[in-house]
Structure formats: C-alpha cells, structure tokens
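Enquirer: I would like to see how this sequence folds:
(2 chains)
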Amino acid sequence: MASTDRLHAAAFVGSLALVLAAALAPAGLDGRAVSLWAWATWSIVFVVALLVFRRAGLLLPEALRRVGWLVPMVAVFAVPAALLAPAEEHFMVGAALSIRALSAAAMGAAVATWLGPSGLVRAVRHLRLPARLADVFEATLASLAIVLRQVRAMLRAREARRPGFGAWSDLFASPRDTVRGFGRLVASLLLRSLERAEALEQARRARGGAA
Amino acid sequence: MHSPDGFLTAGVTGVTWAIAGVGVATALRAEKRDPNPMPAGVLGATAAFVFAAQMINIPVAPGISGHLVGAALSAVLLGPWRAMIVMAVVLAVQALLFQDGGITALGANTTDMGVGASLAGYAVAALSARWMRSARGCVVGGVLGAFAATLVAAVLTALWLGLSGLYPVLPIVQFMLVTHVAIGLLEAALTGAVLVTVVRWRPDLLRGVSSDAPLASGGALVAGLLGVALAIAAFLSPFASMLPDGLEHAAGRLGFSGRAASGWTAPFPDYAMPFVSSPSVATAVAGVVGTIGVAIVAWGVSRGLRPPDHGLHR
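Expert: Prediction:
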C-alpha cells in the first residue's frame, strides 16, 4: 500500500511539474516570437498526456473527446487576447495561447483520470499537505456522488411537477418564480446534505470515533 | 470566472499562490484554534453541496445561463474561515477532477473566489447582520454580501489577467465590473432565496453570521472590509468624475477660487504619482496607498484609545 501511495504521489507531482512547464512557457504576449522550445514543451506535454490517458485505459478518440470540451472555454480567453496582439501576430498568439492552455489542461485531465479520486486523496496525504485540508477533500469526494444523485432526483421531481415548463421557467419571463424555485430547491439540497453529514458524524461518534 | 491554465504569467501565478496559501493557512489555523471545530464530514458535505449548486444552471437569456458561486452563502452559514476552506476544496476538486479552472491557476481562482469573495461577502454580511440584529438582517446581509463577493472576485480575476499582459488592466477591470453587476444581482437573489428557506426551517445552521459571531471572525471582518475598500479605491477611483465638487463650484462662482493656497506640498497632489505616467493608474495607486494609510491610522488610534487590559477577561 505504501509503495502504491508513493507511486501516486510521484505521478501527481510529476504531472504538476509538466502542467507548470506547459502553462508557463512564453506564448508571445510580450511581442517576441514564440520560441521553438515552447512549441516543443507543449508538444511533449500533450503526447505525455495522451500516453497517461492510454495508461488509464482510454483510447485516443475518448482521450481527445475529454480534452476537446475544453476548447470553447480556452477560446473565450484566447481569442480576445489574440485580437489585442499586433495585427501580424493575431494568429500566432491565438494558436500559442490555445495550445499552451490545452496541453496543460490535457495533462491535468490525464493524471486525474489515471489516479481517480481515491488516488488523488492518497497522493495528497502522502505529500503531507495539511491533514484537515486532506480530510475535507476526502469527505467532499465521498459526499459528491450522493449529493449529485440527490440533485438529479430533485430536478426530475421538479420537472414532473411542472409539465410543459421544464425544471426552470425563464428568468426574464418570471424572475420571481424562477429565483424562488431555485432557492427552495438549493436550500432543500443544503439541508439534506448537512443533515446527512451530521447523522453520519453522530453514528461515527456512537461507534466510538473521536470527537 | 474560473481562469484556465496557460493564461497567467509565472510572476502572477506565484503571487496568487502565495496569497491563497496565506489565506488558507490562516483559515486552517483559525479552525484549529476553534474550541468547537466542525467535523470534516460536515465541511465536506457543504463543499459537495456548493459544487452541486454550481452545476445547476438557470437560463438567464437564450444561450446564457448563470449559477450560484456560493462563497458568500458559505461565509454566512459557516463563517469566513470555514468558507475559505470549503471554497478552496471545491475549487481544487473542480481543477483536479474536472479541469474547470486550471491547476496552475488554482492559486488565482482560490484567491478570487475563495479568499477574496469569502472575506468580502462575510464582511458585508456581518456588518448588516450586526446592524439589524435579526434573522432578516442575516438574509439582507447575505444578499448584500453575495453581491459584493461577486464584484470583488470579478475585479481580482480581471486584475490577474491584466497583470499577465493578456489584456490592458483598466479596460478589462471595467468590462468585468460591468458584466458582473448582472451576475452579482443573480447571485444575490439566489443567495437570498436560499437563506430565506434556511432561516425558516433550520435557523441554527446560520453559524457564520449572527449577533454573537465568534471573536475569531474579527480579523476576517477587518480583512474583508479592507479588501472591499481597496477594490473600490483601486478600481472605481480612476472612473471618478473630473467635474468640480460643490465647494470648488461655489468658489468658482463667487470668485475666490484663486485665493486657495497651500502652506505645504502634498505627497501626491491631485492623486498624481511621480513614477506612474498614466493618470488613471496613478489615481488607482494613490487610492490604494491612501486607503492603507487610513487603515493604519485608524488601527493606531483604536489601539491608543483601547483601555488597558488587566487580564480581567482571561
């Protein structure tokens, strides 16, 4: 188990180093041409990310799909910045910014897919990050699946009660109803989440767990 | 508002990680010193709730949707330090598992939505709650705090992007402020709607903001108010009107404006800074320096006026 933890921690740190290298390689925003080593760094990081995806059991199309959904998000930042660059460098700056962001994000996505939530928690603990932070991180991941299942069930119930309207009415058409409905739903979710967590805590203490 | 990887320079990344680190370390220290620490499971459930609430999008207009950020709501429910821990964990889960916000940009995102938004939201909410001293005060405070938190987070996000050379600083700050006024109003309305229900069914859950708020939150209140004041000074002062104020106008009309003479030279006359050429940036820097100066003087005066502590309360 200790060697697995060490492996997870090493993979986590190594991938963070690659993300850092990709994210901080200069992309020509200072007016200078994008260097060859920057393009090389982004290419290497992207290839390593694809290999890590493969190691996690994903085929190339699935790996590309996982990275592909980030493209619009990256474009929102990259396109306006590229338009602000000198006219002759619009394309180069836009391409460099986009590839830089995508290679770094691909590396992060790859290692998260490979390690999974439990592997990430082990890595965080092995790296001796503050115990309290690691505890909350672990508890969040443990609660996440249940809370998300509750959200889906609540939205389904709301849709069922409002045939023809969907889960939400239009905010502009009926702002009061929409905000009030959302508020009640989210507040119910909050109460359910906290009550469940408090019940689990009481059960843990009843079994002799430390306060 | 989540900055992805690859858009911040090394310097800005380092600074934001340092600010986020100090903020989260302070929060962990405050939590450790708390005589009644909250179980990690409860904090984790709150973090999972914030995460899930951020996934529920409300259609605002065709093709555009908005969602709750939750920093101010967390601060009202849990207090500023726990809210900071919860938001830091939410942002870390989003960055690590869902690539929603970059891993290298996690410092910036934690500074914006974790540290800045939690402190600003808490400061405004706590002041309102202490002023009104009722459950309604908590709700009103939460609403105002949510609006302030959104604007502070937006301004900080714009600042990091501007300082990284991606966009010119003042226009991007201006743009982010204008666009986030509408988002802040939505955040405020949703926070209010959630708090109304919580106050009705489980008022005991409002542990962050109340008339008997923990003493440990005093530092957060000061930091949050200073943050809001600095944000206003830095980002709104350059847009202030250049028209003469009432006294200048009256002096001009009555013909004694030329008699104004100063016996000494101010360090930054008319908010001009000797080492900054842009008048807007100079006004912003002067505003920040002035706000910090006033805060230091106010702190010194309050220390001087405080009665001697003979250990009676220990």
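Enquirer: Can you show me the CA trace of stretch B:164-180 as PDB?
Expert: In PDB, the C-alpha atoms belonging to stretch B:164-180 read as follows (Å, rounded to 0.1, in the frame of the first residue of the first chain):
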ATOM      1  CA  SER B 164      -0.300  38.900 -17.000                       C
ATOM      2  CA  GLY B 165      -0.300  41.000 -20.200                       C
ATOM      3  CA  LEU B 166      -3.400  39.300 -21.700                       C
ATOM      4  CA  TYR B 167      -5.500  42.500 -21.700                       C
ATOM      5  CA  PRO B 168      -4.900  46.100 -20.700                       C
ATOM      6  CA  VAL B 169      -5.700  46.300 -16.900                       C
ATOM      7  CA  LEU B 170      -8.200  49.100 -16.700                       C
ATOM      8  CA  PRO B 171     -10.400  48.200 -19.700                       C
ATOM      9  CA  ILE B 172     -10.600  44.500 -18.600                       C
ATOM     10  CA  VAL B 173     -11.400  45.600 -15.000                       C
ATOM     11  CA  GLN B 174     -14.100  47.900 -16.300                       C
ATOM     12  CA  PHE B 175     -15.500  45.200 -18.600                       C
ATOM     13  CA  MET B 176     -15.600  42.600 -15.800                       C
ATOM     14  CA  LEU B 177     -17.200  45.000 -13.400                       C
ATOM     15  CA  VAL B 178     -20.000  45.900 -15.900                       C
ATOM     16  CA  THR B 179     -20.700  42.300 -16.900                       C
ATOM     17  CA  HIS B 180     -20.600  41.000 -13.300                       C
END
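Enquirer: Hmm, B:Met38 is touching B:Arg82, no?
Expert: Yes: assessed by C-beta atoms under 8 Å, B:Met38 is found in contact with B:Arg82 at 6.3 Å. Quick note: C-beta positions are derived from backbone N, CA and C, even for glycine.
Enquirer: quick one: low-confidence parts of chain A?
Expert: Scanning chain A with the threshold set as pLDDT under 70 gives A:1, A:162-173, A:209-211.
Enquirer: Let me see the domain layout of it.
Expert: A:2-126, A:131-206 (automatic domain parsing).
Enquirer: Nearest to chain B, out of these?
Expert: Among the domains of chain A, domain A:131-206 comes nearest to chain B, with 2.1 Å by C-beta to the nearest C-beta.
Enquirer: Where do the helices of chain A begin and end?
Expert: Using DSSP state H, the helices of chain A run over residues A:2-24, A:36-55, A:60-68, A:71-84, A:90-126, A:131-161, A:175-206.
Enquirer: List the buried residues of stretch A:79-88.
Expert: A:Ala81, A:Ala82, A:Ala85 (16 or more other C-beta atoms under 10 Å in any protein chain shown).
Enquirer: between those, which is closest to B:Pro168?
Expert: B:Pro168 lies nearest to A:Ala81 out of the buried residues of stretch A:79-88, by C-beta to C-beta, at 10.8 Å.
Enquirer: pretty sure the closest one contacts B:Tyr167?
Expert: Yes: A:Ala81 is within contact range of B:Tyr167, at 6.4 Å (criterion: C-beta under 8 Å).
Enquirer: that older thread, want to try a markdown table for the helices of chain A, with distance to chain B as columns?
Expert: Listed next are those as a markdown table, based on distance: least, C-beta to the nearest C-beta, whole Å:
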| stretch | distance to chain B |
| --- | --- |
| helix A:2-24 | 4 |
| helix A:36-55 | 9 |
| helix A:60-68 | 8 |
| helix A:71-84 | 5 |
| helix A:90-126 | 3 |
| helix A:131-161 | 2 |
| helix A:175-206 | 2 |
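Enquirer: which one of those helices is the most hemmed in?
Expert: Stretch with highest mean neighbour count among those: helix A:90-126 (a mean of 22; mean count of other C-beta atoms under 10 Å in any protein chain shown).
Enquirer: From the contact counts, what lies against it?
Expert: If contacts are counted by 3 or more C-beta pairs under 8 Å, 6 or more residues apart in numbering or on different chains; DSSP states H and E, helix A:90-126 sits against helix A:2-24, helix A:36-55, helix A:60-68, helix A:71-84, helix A:131-161, helix B:80-98.
Enquirer: higher neighbour count, B:Met38 and B:Arg82?
Expert: B:Arg82 (25 against 18; other C-beta atoms under 10 Å in any protein chain shown).
Enquirer: which residues does residue 112 contact?
Expert: Defaulting to chain A. A:Leu120, B:Leu96, B:Leu97, B:Gln99 (C-beta atoms under 8 Å, 6 or more residues apart in numbering or on different chains).
Enquirer: not quite, I wanted chain B
Expert: B:Met1, B:Ser3, B:Ala153, B:Leu156, B:Thr157, B:Trp160.
Enquirer: The fourth one touches B:Gly116, doesn't it?
Expert: Pointing back at B:Leu156 there. Yes: counting by C-beta under 8 Å, B:Leu156 does reach B:Gly116; the two are 5.0 Å apart.
Enquirer: B:Val196 versus the residue lying closest to B:Ala40 once chain neighbours are set aside, what's the distance?
Expert: In space, B:Ala40 comes closest to A:Asp135 once its chain neighbours are excluded; the distance is 3.7 Å by C-beta to C-beta, 6 or more residues apart in numbering or on different chains. Distance, A:Asp135 to B:Val196, using C-beta to C-beta, to the nearest Å: 32 Å.
Enquirer: just B:Phe98 next, same as before
Expert: In this view, B:Phe98 and B:Val196 are 30 Å apart by C-beta to C-beta.
Enquirer: Could you check which of the two is surrounded by more residues?
Expert: Regarding B:Phe98 and B:Val196, a neighbour count based on other C-beta under 10 Å identifies B:Val196 as having more, with 19 against 14.
Enquirer: Tell me who's in contact with the more buried one.
Expert: B:Val196 sits in contact with A:Gly183, A:Ala187, B:Val139, where contact means C-beta under 8 Å, 6+ apart.
Enquirer: So for the last one, what's the pLDDT?
Expert: Right, the one you point to is B:Val139. According to the prediction, B:Val139 has pLDDT 88.
Enquirer: That one: helix or strand, and which one exactly?
Expert: Using DSSP states H and E, B:Val139 sits within helix B:135-163.
Enquirer: On the three-state scheme, B:Gly165 is what?
Expert: coil (DSSP: H, G, I helix; E, B strand; the rest coil).
Enquirer: Excluding sequence neighbours, find me the nearest residue to it.
Expert: Per C-beta to C-beta, 6+ apart, closest to B:Gly165 is A:Leu29, 4.6 Å.
Enquirer: was I right about that neighbour contacting B:Leu163?
Expert: No: the criterion here is C-beta under 8 Å, and A:Leu29 misses it with B:Leu163 at 11.7 Å.
Enquirer: So between these two, which is more surrounded?
Expert: Set A:Leu29 next to B:Leu163 and count neighbours by other C-beta under 10 Å: A:Leu29 wins out with 20 against 17.
Enquirer: how about the more buried one, what does it touch?
Expert: Contacts of A:Leu29 by C-beta under 8 Å, 6+ apart are A:Ala81, A:Ala85, A:Val93, A:Leu97, B:Ser164, B:Gly165, B:Leu166.
Enquirer: Repeat the analysis, applying 10 Å as the threshold.
Expert: Contacts for A:Leu29 (C-beta atoms under 10 Å, 6 or more residues apart in numbering or on different chains) come out as A:81-82, A:84-85, A:89, A:93, A:96-97, B:7, B:9, B:164-166.
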